[in-house]
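>>> 3D, please:
(4 chains, ligands or ions: 4)
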Amino acid sequence: GSSTKSSSSATTPGAATTAAGATTAAGTTTAAGTTTAAGTAAAGGATGIKSGLTVYYIPKDTQNPYEVLADKGGEAALTELGGKVVVSSGTEDTAAAQIPSIQAAIAAKANAIVIAANDPDALCPSIAQAVAAGIKVVAFDSDNNCPDHLFINQADTATIGTAEVDYMATLVNSTGEIAILSAAATATNQNAWIGFMKQQLAAKYPNMKLVDVVYGDDDPAKSLTALTGLLSAHPNLVGIISPTTVGISTAAQYLSTHKDIAAKVKLTGLGLPSQMKPYIKDGTVKGFMLWNPSDLGYLAGYAAANLASGTTNLKDGSKFTAGKLKEYTIAAPAGATPSVILGPPTVFDASNIDQFNF
Amino acid sequence: MLSETTPPQTAASGAVQVPPTRRNPQTNESSWRGLLRWESALVVALAGALIYGHRTTNFWNATNFFYIGLNIGEIAIMALPLTLIVITGEIDLSVASMLGLSSTLLGYLYLHGWPIGFAIVAVLVVGAIGGALNGVLVTRLGLPSIAVTIGTLTLFRGLAEIILGAKSVGKFPATLTKIGVIPIPHTQIAYSVGCFVVLAIIYGVVLHAMPVGRSIFAIGLQPEAAHFSGIRVKRIKLMLYVLSGTVCSFAGVLWTMRFATSRYDAGTGLELNVVAIVLFGGISIFGGRGSIVGVVLATAVMACIQQALTLRNVDAQVRNIVTGVLLLISVVLPNIATGIHRLRERRRLRNRDRLAHRAPDLHQPTTTTTEGQRA
Amino acid sequence: MPSGADDDPGGIDVSTENRDEPLDGHASAAADTPEPLLVLRQATKSFGSVRALEDGSITLYPGEAHALLGENGAGKSTLVKILAGVHQPDAGELIVAGRTLVLNGPAASRAVGISVIYQEPTLFPDLSVAENIFMGRQPLSSFRRIDKVEMRRQAEAVFRRLGVVLDPSRPARGLSVADQQIVEIAKAISFDAKVIVMDEPTAALTSVEVDRLFEVVRALQAESAAVLFVSHRLEEVFALCQRMTIMRDGRFVRTSLIEDESIDSIIRSMVGRDLESLFPKTATVPGDVALSVERLTREGVFTDVSFDVRRGEIVALAGLVGAGRSEIARAIFGIDRHDAGTVRMEGKPLPNGSPLAAMAAGIGFVPEDRRQQGLVMDLGIDHNVALASLSRLSRNGLIHRSDERNLAIDWASRLQLKFGRMKNAVSTLSGGNQQKVVLAKWLARHPSVLIIDEPTRGIDVGTKAEVHRLLDQLVSQGIAVLMISSELPEVLGMADRVLVVHEGRLVGEFARKDADEASIMRAATGQTVGAAA
Amino acid sequence: MSLTVAPISRPGGVRRSELLLRARELSIVLALLIVFGFTTLKNHEFANAASIRQLLSGASLVALLAVGQTLVVVTRNVDLSVGSVLGLSAYLVGTLFRAHPNAPIALAFLVGIGVGVLIGAINGIITTVTRVPSLVVTLAMLYIVRGVDAEIVNAKQIDPTLIPHSFQVVGYEHIFGIPWLAIIVTVIVIAVGFYMRSFRAGRDLYAIGSNPDAATLAGVPSGRRVFTAFVVSGGLAGLGGALFLAQFATVNATGGSGYELNVVAAVVVGGVAIFGGSGTVFGAALGALLLNTINQALVAAKVSAFWNQAVAGALLLAAIAFDRWLSLRVERLESGRGERHVV
Ligand SMILES: Nc1ncnc2c1ncn2[C@@H]1O[C@H](COP(=O)(O)OP(=O)(O)OP(=O)(O)O)[C@@H](O)[C@H]1O
Ligand SMILES: Nc1ncnc2c1ncn2[C@@H]1O[C@H](COP(=O)(O)OP(=O)(O)OP(=O)(O)O)[C@@H](O)[C@H]1O
Ligand SMILES: [Mg+2]
Ligand SMILES: [Mg+2]
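Numbering: from 1, shown residues only, chains lettered A, B, ... in the order given. Ligands and ions are numbered 1, 2, ... in the order given. Here you go, the predicted model:
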């Protein structure tokens, strides 16, 4: 697809995929790697968890480093619980490419599915079938609008939005034109965050003006075009927030090579430490945010296992312990998707960047 | 000169007189015999795919076949009109964009309170118009279809993007969205597959048993001769493009139903899969050769292999390779014989040369010759 | 002969890399005891079932102009293409300057000093005229760069030599057939070849240009090159050549000195029997007007053409290649639109540019080029015969296969078609039989008017007579036939009336009795303005 | 003997037709100026050095691939595998640096080009020997190469940290205000353009595309030339991969996917006849520049990004329609007897 999937949770749902034709004739390419628990029930962690559980991890696509980290987390969790993880998805992050994986899970009578939906609605029919087949469904990374599932929220959507604006404010001392370099125009989570950013700006920063939102489709080339267009369109830009790893890394790369612009324009957003390290080091970027993707996968794994073992449920306030991450409480306000929040996002800057390797 | 006494392929070649993609290089009856041979090859391939599937857990059961159908449905449907277009020697790369456009439009109209029924009709009409645009540009202005449809590929997708932008429309009436996910009652056949089968039969009859079908083959083989026989070449091509547009937007409706949502990027990139299936089905890219049966078989083979590989948790990447290799084999195999024959011919000449004490410069004819013909 | 020997290797070793400096046959000119420059012995060539060449033999001596004569389809062009390296003979040997060799490509042929003018122009529409002439042999300057100025200069020089004005830097696209032919000739003489083969080079030339060409040929002879001259125009042959070789049905008949021959003797051995038996025209009484053409005009192609064709008569359109006869026919049938005038069938005007309407009105059209226009070469015989009658052959929308087969079988037997199986692609048939299939396709529609363009082009003698007999039957059944032919004997033999086209205008009309070769030619070349129709 | 009008040269007509042909490139330049001028009016920043530099380097990659594509298209073929090739070569160059962090830059480029040449050769062999239409062959290669790429990449990616600065410099540095990328590509465009104009092998390509049969009769080694065209196209795509890496310093399994259509679009907009015989690499490069300029103009002119595709598509159609019109005009001018049967 035209969108380069080195992206984080920012990965575009059903990112515009051009005729590169990475999908196969079935329109659905699906990959899978299997890891069986080293020690089975013996290693069994939490109490009451059935052993030998099979959990299907269905990331947005199999080429997404961020997702791979999350899957690894999940494998770690299930290994502790004596179950196994099957990772299965496409090379494109389109809903169409994920459906066969859901079907495969149903066919394989999996106990649970942990899915990062490429499209909030498109997967619901298939997910409904899975639920009907008695499979517990856990959503992570980006949520879907389907009923009967638990959403593992990497960090409270509002928090991310506001936190990024606040951070930008500190960089530009709350004044000047800022812009957003997003992934695809259709990215649900992106748009959700941007929504909160706008609220926060309106509420707290009268002197900061959001002048433009441009889309790089998580493709370095497109992101760069969008970015440069942005720069020439808004000469007095002082800050760019890019809540997607492709966007922020491309922007950082450009700024680090155009010091004159870097001097005027501050950059922050969501990024992978591994990618951003050099720009933190050379001062192009002062700081950015993310959460630990493998923890996300790990938590999702425990949640799935507990749901599948009936040791917890989707009711508001029901609890479960997630191994090294201690105990979580499910929040299910009426009408909203039951969810747990991993925790506040980590801010990475010169002080701590070296401690992270994802 | 050449054009008078020899067919251009011959002209280009010092060695053998065989047009490329001729299924059976040795005899000229190829067009029929060779084709049959190709379809039987596909049957074998299908058997292989099924056996492979059979040795895969959870493959050989009704639900799975329902799934297989579900996943391939829209692509299969779009392959049918494209088949006819390719047989006339043209091509339509805008199919997937048309699918996206109609899905988008359907969502948009529904969002703006149109009754779904009307919305669908409107979408089909737009599909026809889009197809007509392709058709007019190709037949009336005489532009090369590959360039035109690359243009409309971008244009249609762009229009879709303008219509819905970032939005994605869901919440379609459940009665309809069910169609996308449940089989036809008392069967394990997806509705889209049902439509495909019906359409395939219609197309099969039209192409192989009706005068217009015969005309389509004639056009693909020799447009000028067709014209001289009173066949309305342009009219028929235009018709086919309109048909393609309509059918693709219908596929778009099904797609929307299956995903219960409509977005501008629906089905992006599928055009290559559709083309791949058509070519794999034994349709000559130069037109004039192929059959609906072949395309139907090719669809089945692709679908089964893909699903089996999925169930077997084979890497997604491998699946691309499989598609590519299948495609390549499907066109290279029939031509290998030709290639070898030509090489042998050349070697023969070279030897005769040695006797004649001179190392000449050997020319291999260019592949472009007949591509030119279709130009 | 030493002198001949020592310049041969030069030529023999030339490979395409330096094919632009071909060996010169000059030295051998000095040799008084001439040694054959080129010998082709018993070459045979068949295409599928068509035996194009049974025994192609010819010997060329330095400094001679040698005519190659034979009917359409006698195998002349095939022989030419063997010398050109386009076709490889199935058997037989080729000796150039004492060396047996195999020409496995045009370049190889050129490398040994053979240059060929093909029967029809082979140009690159997108490239400039100069480049068309020098393709693959462009003059080079430093670093093997193409020297455009020099190329232009040389091109102009060649044109001057031919006495024509043509801008070398214009693209070849849009050149008239005549100009295309000129470029072909320029191509052939642009490097001093030892053997120059010309396959009907004069077909589209004006008399002035022809004279110039002859001068050039004589000049080449003086440089002791050999010229092989293929032409249907015997007077040209007598004007230019010293020796001649006659072919019939792909076979070598004889080689002789021009002075030992007369037109009759040549024709007799070309045709293998007396002309009369070739054209079995029985007199018929023309009925009422079937097709009438009124002031038909197509801008720049033909102007103000009016004539009638009556039931039971054969009207021939005579004229030179490029005169626009085919265009007139195409316009009548509706392939091309016409800009002015009307076409009437039984008095009813036909819509402009609609073959379907013309067919519905009862016109059948056997086009000039059967391989491109007449037949779908890769479809079976039955499908081709049925192609124009599909609607009649289908019951409630579906083609009725058995009807289709029967139709084809029926006509195949009526026309004594020689074929393997009905399903065989027509490309496997001989030229003549292909032509019969085209005829069958139209006769199956029982047309009241049959337009037939070049009915016997590339058809061998036997079949040719059959076709003529067939035409005769048709008219006796009251069908009106409009025939276009570049072969005067055919025109004279078959036509009840001859209309002569010159540069898109009707310049003369001759009744069968007072139509003769000389007068028609004069009209065709615009020398007299006959009673314009 | 015949009376077809004695050939007369029409210098006037000729000059006009030649002008019309030139008009192809001119019209693109014109379009460029219009887009540029219009956008600058709306937003003066669009004309500043940095922005212009970005216009150039932004178009460079597609322009580079368009050069190779032109060679192929001129011979009546097409190469759809360029996008995948670019991706693969970019990643392999990256892995080279991962393995040997201080590998010489030259080697990096060689690796990139080598990968491309290899795949180009495969395309060329299959197309010329089996005479399978290149559209199909390269479509298949598009899948295969992309798949192989993904297999190799296997969810890893090349990070900027791995790319030596000296290499990245090529991606963004500029001398006299002109980006290196643009310079490299321009040099290649001029070189190839010159070769296509003034060398026999170059002219052969046009001959093959213009009339394959005549080409064979003229002794043009068609097979060899077509093969070479594919090799060059592949090689340039490979080089493009290296430059891609230099420019973005990061690449993963999907790098360069979708380029093929942009490239073909650029070539078509650039006035290269899709059925061969005519068109220049200059036109193709200009086409690439025009498309990129339009994309950036839309952003700079604050037109919603949603319009990009539609505009590009419409432009593409306009371009080919214009071409058609142009060639018809030329034919009219040149033809003594009006329009001949146009295939
Ligand atoms: N490539 C081919 N395939 C099949 N038949 C062919 C081919 N080329 C020539 N023939 C047949 O071979 C016979 C000789 O053809 P050829 O062109 O040599 O005749 P010709 O003497 O040149 O006739 P003309 O005077 O009309 O040019 C004809 O019957 C022709 O139809
Ligand atoms: N001066 C010219 N300019 C452009 N095209 C020409 C010219 N002369 C002839 N042609 C074309 O060359 C072809 C052969 O000429 P045409 O068929 O019109 O004449 P004809 O009398 O039918 O000769 P033929 O014996 O070839 O049938 C036709 O397509 C005609 O349009
Ligand atoms: Mg001949
Ligand atoms: Mg004619």
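>>> which intervals of chain D have sub-threshold pLDDT?
D:1-23, D:330-343 (pLDDT under 70).
>>> Sticking with the closest residue to D:Asp159 other than its chain neighbours, tell me its helix or strand.
Nearest non-adjacent residue to D:Asp159, counting by CB to CB, 6 or more residues apart in numbering or on different chains: A:Gln275, 5.3 Å away. All C-beta atoms are positioned from the backbone trio N, CA, C, and that covers glycine. A:Gln275 belongs to helix A:273-281 when assigned by DSSP states H and E.
>>> State the mean pLDDT of stretch A:328-341.
Averaged across stretch A:328-341, pLDDT comes to 83.
>>> who in the stretch 251-400 of chain C is up against chain D?
For the stretch 251-400 of chain C, the residues in contact with chain D (CB under 8 Å from any CB of the partner chain) are C:298-301, C:320-323.
>>> Between these, which sits nearest C:Pro62?
Each of those was scored against C:Pro62 by CB to CB, and C:Val321 proved nearest at 31.6 Å.
>>> So that closest one sits against C:Pro201, correct?
No - with contact defined as CB atoms under 8 Å, C:Val321 does not count as touching C:Pro201 (11.6 Å).
>>> Compare these two and say which is more crowded by neighbours.
Between C:Val321 and C:Pro201, counted using other CB atoms under 10 Å in any protein chain shown, the more crowded position is C:Pro201 (25 against 18).
>>> ok, now which ones touch the closest residue to ligand 3 within the stretch 151-300 of chain A?
Closest residue of the stretch 151-300 of chain A to ligand 3, CB to the ion: A:Ala221 (57.5 Å). For A:Ala221, the contact set (CB atoms under 8 Å, 6 or more residues apart in numbering or on different chains) comprises D:58, D:61, D:244, D:248.
>>> Using CSV, write out every CA atom in the helix or strand that the helix holding A:Gln275 is followed by.
Following helix A:273-281 in sequence order, the next helix or strand is strand A:287-290 (DSSP H and E). Taking Å, rounded to 0.1, in the frame of the first residue of the first chain, the C-alpha atoms of strand A:287-290 are listed here in CSV:
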residue,chain,number,x,y,z
GLY,A,287,10.8,15.6,23.3
PHE,A,288,7.9,13.4,22.1
MET,A,289,5.5,10.8,23.6
LEU,A,290,4.5,7.2,23.4
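>>> shouldn't A:Thr282 be in contact with A:Ser256?
Careful, residue A:282 is Asp and not Thr. Yes - A:Asp282 lies in contact with A:Ser256 (CB under 8 Å); the separation is 5.7 Å.
>>> Who has more neighbours out of the two?
A:Ser256 (22 against 13).
>>> what's around residue 50, how many residues?
Defaulting to chain A. 17.
>>> meant chain D actually
16.
>>> SS state for it?
Put simply, D:Ala50 is helix when judged by DSSP: H, G, I helix; E, B strand; the rest coil.
>>> and D:Ala312, how far is that from B:Gly113?
Counting by CB to CB, to the nearest Å, the gap from D:Ala312 to B:Gly113 is 32 Å.
>>> higher neighbour count, those two?
More crowded of D:Ala312 and B:Gly113, by other CB under 10 Å: D:Ala312, with 22 against 7.
>>> In terms of helices and strands, where is the more buried one?
helix D:308-334.
>>> Just list what that helix packs against, helices and strands only.
helix B:145-164, helix D:11-42, helix D:259-269, helix D:281-300 (3 or more CB pairs under 8 Å, 6 or more residues apart in numbering or on different chains; DSSP states H and E).
>>> Ok, which of these comes nearest ligand 3?
helix D:11-42 (32.6 Å).
>>> With A:Leu230 as the reference, measure out to the nearest residue to B:Thr139 once chain neighbours are set aside.
Distance criterion CB to CB, 6+ apart; nearest residue to B:Thr139, sequence neighbours excluded, is B:Lys234 at 4.0 Å. As judged by CB to CB, B:Lys234 and A:Leu230 stand 47 Å apart.
>>> More neighbours: which of the two?
A:Leu230 (24 against 17).
>>> For the more buried one, give me the backbone phi and psi.
Here is the backbone geometry of A:Leu230 (degrees, to the nearest 10): phi -60, psi -50.
>>> I'd say it and A:Ile240 touch.
Yes - the criterion here is CB under 8 Å, and A:Leu230 meets it with A:Ile240 at 7.3 Å.
>>> picking up where we left off before, got TSV for the helices and strands packed on helix D:308-334, with mean neighbour count and distance to ligand 3 too?
Formatted as TSV, those follow (neighbours: other CB atoms under 10 Å in any protein chain shown; distance: least, CB to the ion, whole Å):
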stretch	mean neighbour count	distance to ligand 3
helix B:145-164	26	36
helix D:11-42	16	33
helix D:259-269	28	40
helix D:281-300	26	40
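>>> Dump those helices to TSV, plus distance to D:Val67.
Putting the helices and strands packed on helix D:308-334 into TSV (distance: least, CB to CB, whole Å) gives the following:
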stretch	distance to D:Val67
helix B:145-164	19
helix D:11-42	15
helix D:259-269	9
helix D:281-300	5
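>>> wait, which of those helices is closest to B:Val198?
Between B:Val198 and the helices and strands packed on helix D:308-334, the shortest gap by CB to CB is with helix B:145-164, which sits at 25.6 Å.
>>> and the angle from the closest one to helix D:259-269?
110 degrees (axes from the mean of the first three to the mean of the last three CA atoms, to 10 degrees).
>>> which residues touch C:Arg330?
C:336, C:367.
>>> ah, wrong one, I meant D:Ser327
D:Ala273.
>>> One more: C:Leu162?
If you count contacts by CB under 8 Å, 6+ apart, then C:Leu162 has C:182, C:185-186, C:189, C:209, C:212-213, C:216 around it.
>>> For chain D, what's the nearest residue on the stretch 101-250 of chain A?
Residue nearest to chain D within the stretch 101-250 of chain A: A:Gly229 (2.7 Å; CB to the nearest CB).
>>> Looking at the stretch 151-300 of chain D, which residue is nearest ligand 1?
Using CB to the nearest ligand atom, D:Asp213 is the residue of the stretch 151-300 of chain D that sits closest to ligand 1, at 12.0 Å.
>>> per-residue confidence for A:Thr40?
Looking at A:Thr40, its pLDDT reads 38.
>>> wait, doesn't B:Ser102 sit right on B:Ser249?
Yes - the pair B:Ser102 and B:Ser249 passes the contact test of CB under 8 Å, sitting 3.4 Å apart.
>>> Give the intersection of the neighbour lists for these two.
B:123-124, B:126-127.
>>> ok, so of those, who is nearest D:Asn295?
B:Val126 (26.4 Å).
>>> Sticking with the closest one, tell me its helix or strand.
Using DSSP H and E, B:Val126 falls in helix B:116-139.
>>> Any buried residues in that helix, and which?
Buried residues in helix B:116-139, counting neighbours by 16 or more other CB atoms under 10 Å in any protein chain shown, are found at B:116, B:119-120, B:122-124, B:126-128, B:130-139.
>>> before we move on, the earlier item: now the residues of the stretch 251-400 of chain C next to chain D in TSV, with distance to C:Leu127, pLDDT and secondary structure?
Output for these, formatted as TSV (distance: CB to CB, whole Å; pLDDT from 0 to 100; DSSP: H, G, I helix; E, B strand; the rest coil):
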residue	distance to C:Leu127	pLDDT	secondary structure
C:Arg298	29	91	strand
C:Glu299	27	88	coil
C:Gly300	24	82	coil
C:Val301	25	85	coil
C:Leu320	28	76	coil
C:Val321	24	71	coil
C:Gly322	22	73	coil
C:Ala323	28	82	coil
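>>> what about burial for those residues, which qualify?
For those, buried by 16+ other CB under 10 Å: C:298, C:301, C:320-323.
>>> Need those in CSV (columns: distance to A:Asp212).
Below are these laid out as CSV (distance: CB to CB, whole Å):
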residue, distance to A:Asp212
C:Arg298, 60
C:Val301, 60
C:Leu320, 72
C:Val321, 69
C:Gly322, 66
C:Ala323, 69
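>>> Mind checking the pLDDT average for stretch C:194-205?
82.
>>> Can you get me the start-to-end distance on that stretch?
Taking CA to CA, to the nearest Å, stretch C:194-205 runs 24 Å from one end to the other.
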